[in-house]
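[1] Below: sequence and its predicted model.
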Amino acid sequence: MAVTLRIDEINYPFPAKPKALSADREAFLKAEIKKLLKAQNAVLVAHYYTDPEIQALAEETNGCISDSLEMARFGRDADEQTLIVAGVKFMGETAKILSPEKRVLMPTLDATCSLDLGCPADKFTEFCDAHPDHTVVVYANTSAAVKARADWVVTSSIALEIVEHLDSLGEKIIWAPDRHLGNYIQKETGADMLMWQGECIVHDEFSSQALRDMKHLHPDAAILVHPESPASVVEMADAVGSTTQLITASQNLPHKKFIVATDRGIFYKMQQLAPNKTFLEAPTGGNGATCKSCAHCPWMAMNGLEAIYSALTGNHSEHEIHVDDALRVDAMKPLNRMLDFAAELKLKVKGNA
């Protein structure tokens with residue numbers, strides 16, 4: 001049974017788009033950032049949804065391009081003592097939770113996430129307290145305070161397996177915050193899930209009708225969909241999965257053309273790993289002034305070269321992530337449950353191979 005809770009409509013504080021850089025300025029910033037990373041024993045960790053030049057810079061400096069959890073794990077295991085996290089704020093918090101002894105800087109602390117904003121810790125805690133017989137499962141796209149209230153933290157790559165496990169134990173589940181991902185998991189597992197009603201503004205805007213029209217124009221294209229998208233879009237997919245899973249699908253599927261329903265930042269890695277294939281943005285329901293995200297997170301776009309340079313040269317206190325130690329300890333518990341579960345699952349799969 002799926003039960004839902006809807007919070008009040010949120011007016012998201014969309015940031016201004018960064019100004020385009022001249023070729024000379026871009027070259028200067030890249031060269032200086034490379035020097036500063038070495039001088040400050042720092043490493044650049046970037047999400048798949050950041051702009052191509054940021055992902056390229058992470059590669060060129062032996063950093064990391066990945067999903068949010070792997071970003072934190074890479075930072076934890078890196079020798080460098082300063083992490084520059086190019087992503088959104090919850091990613092910086094997760095990195096700090098896993099690496100409390102390291103300094104975690106972000107290009108801007110104003111880069112947030114609609115899923116995080118749509119799940120305030122105080123309201124979520126009240127909701128959980130009203131349902132004490134439920135196991136609390138939260139998506140990684142949440143604040144440290146929300147993670148600290150959870151029993152489990154999950155990513156989109158392992159959420160199905162964990163919910164399936166909990167359901168096999170007969171547990172009732174509170175799921176937060178993404179309603180589309182929650183509905184997808186509930187449909188796949190049949191689990192008893194009480195759902196918080198948040199959404200990613202990028203994935204929420206993909207339109208099944210527009211996608212049908214695009215598929216008609218490109219009948220030979222496979223459709224790749226992130227499960228944060230509406231159910232009507234997910235139903236049209238040839239492959240559904242996390243960012244990493246979609247990148248793998250783009251390599252392994254025999255198709256030469258793909259319509260991709262996730263943030264277009266992912267195209268950098270897809271094109272790099274499958275250079276002979278063509279990738280098209282899935283259409284959104286709006287366009288121009290009616291489109292909130294137009295298939296690219298406005299907060300991810302804040303992680304420009306100027307902002308990274310500022311994090312390395314400016315007042316570090318304006319860029320540094322802090323997580324209260326008691327809160328960090330509480331948030332680490334559900335994160336560790338997921339990491340342990342993932343490790344056991346990996347061993348099981350390896351044993352069955």
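    The structure has been received and is ready for your questions.

[2] what residue ranges in this structure score low on pLDDT?
    Residues of the chain that meet the criterion pLDDT under 70 lie in 1-12, 286-293, 353.

[3] ok, for the residue nearest to the spatial centre of it, nearest residue in space, not its chain neighbours?
    Centroid-nearest residue in the chain, with Cα atoms, centre = their mean: residue 68, separated by 5.3 Å. Using Cβ to Cβ, 6 or more residues apart in numbering and skipping residues adjacent in sequence, the residue nearest residue 68 is residue 91, 4.9 Å away. Glycine gets a C-beta too; all of them are placed from N, C-alpha and C.

[4] Need the contact partners of stretch 28-36.
    By Cβ atoms under 8 Å, 6 or more residues apart in numbering, the list of residues contacting stretch 28-36 from outside reads 21, 42, 44, 53, 57, 60-61, 305-306, 308-309, 312-313.

[5] Among those, name the buried ones.
    42, 44, 57, 61, 305, 308, 309, 312 (16 or more other Cβ atoms under 10 Å).

[6] From the residues you listed, pick the one nearest residue 251.
    residue 57 (23.3 Å; Cβ to Cβ).

[7] Give me the helices and strands touching the helix or strand containing that closest one, please.
    For residue 57, the host element (DSSP states H and E) is helix 52-60. The helices and strands touching helix 52-60, judged by 3 or more Cβ pairs under 8 Å, 6 or more residues apart in numbering; DSSP states H and E, are helix 23-39, strand 42-47, strand 64-66, helix 267-273, helix 305-313.

[8] Buried residues in the next helix or strand after the last one, which are they?
    With elements assigned by DSSP H and E, the helix or strand that comes after helix 305-313 is helix 325-352. Burial within helix 325-352, assessed by neighbour count using 16+ other Cβ under 10 Å, is assigned to 327, 328, 330, 331, 332, 334, 335, 337, 338, 339, 341, 342.

[9] One more: stretch 125-145?
    Applying 16+ other Cβ under 10 Å to stretch 125-145 flags 127-128, 134-145 as buried.

[10] How far does it sit from its chain's centre?
    Offset of stretch 125-145 from its chain centre (Cα atoms, centre = their mean, to the nearest Å): 19 Å.

[11] Could you do stretch 26-35 as well?
    27 Å.

[12] Include distance to residue 320 when you put the contacts of stretch 28-36 into CSV, please.
    Shown next, in CSV, are the contacts of stretch 28-36 (distance: Cβ to Cβ, whole Å):
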residue, distance to residue 320
21, 25
42, 12
44, 16
53, 24
57, 21
60, 24
61, 20
305, 19
306, 18
308, 14
309, 16
312, 12
313, 14
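
[13] now, the most widely separated pair of these?
    Checking the contacts of stretch 28-36 with Cβ to Cβ, the most distant pair is 21 and 42, at 21.6 Å.

[14] Surely residue 154 touches residue 140?
    Yes: in terms of Cβ atoms under 8 Å, residue 154 counts as a neighbour of residue 140; the distance is 6.9 Å.

[15] Return the closest of the buried ones among the contacts of stretch 28-36 with respect to residue 84.
    Looking across those and measuring by Cβ to Cβ, the closest to residue 84 is residue 44, at 4.7 Å.

[16] can you pull out the strands in this protein?
    2-5, 42-47, 64-66, 82-86, 103-105, 134-139, 152-154, 172-176, 193-196, 222-225, 239-240, 257-261, 278-281 (DSSP state E).

[17] deepest of these, which one?
    Compared across those, strand 82-86 shows the largest average neighbour count, a mean of 28 (mean count of other Cβ atoms under 10 Å).

[18] quick check: angle from that strand to strand 42-47?
    Here strand 82-86 points in a direction 30 degrees away from that of strand 42-47 (axes from the mean of the first three to the mean of the last three Cα atoms, to 10 degrees).

[19] Just checking: what are the partner strands of strand 82-86?
    Next to strand 82-86 in the sheet, as set by DSSP bridges, lie strand 42-47 (parallel), strand 103-105 (parallel).

[20] Including distance to residue 76, could these go into a markdown table?
    Below are these laid out as a markdown table (distance: least, Cβ to Cβ, whole Å):
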| stretch | distance to residue 76 |
| --- | --- |
| strand 42-47 | 10 |
| strand 103-105 | 11 |
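
[21] Out of those strands, the one nearest residue 165 is which?
    Taking the strands paired with strand 82-86 one by one with Cβ to Cβ, strand 42-47 is closest: 27.1 Å.

[22] Show residues contacting the closest one.
    Contacts for strand 42-47 (Cβ under 8 Å, 6+ apart): 33, 36-37, 54-55, 57-58, 61-68, 71, 74-75, 78, 80-88, 91, 95, 105, 265, 300, 303, 308, 312.

[23] What of stretch 333-350?
    Contacts for stretch 333-350 (Cβ under 8 Å, 6+ apart): 94, 97-98, 138, 147, 150-155, 158, 161-162, 165.
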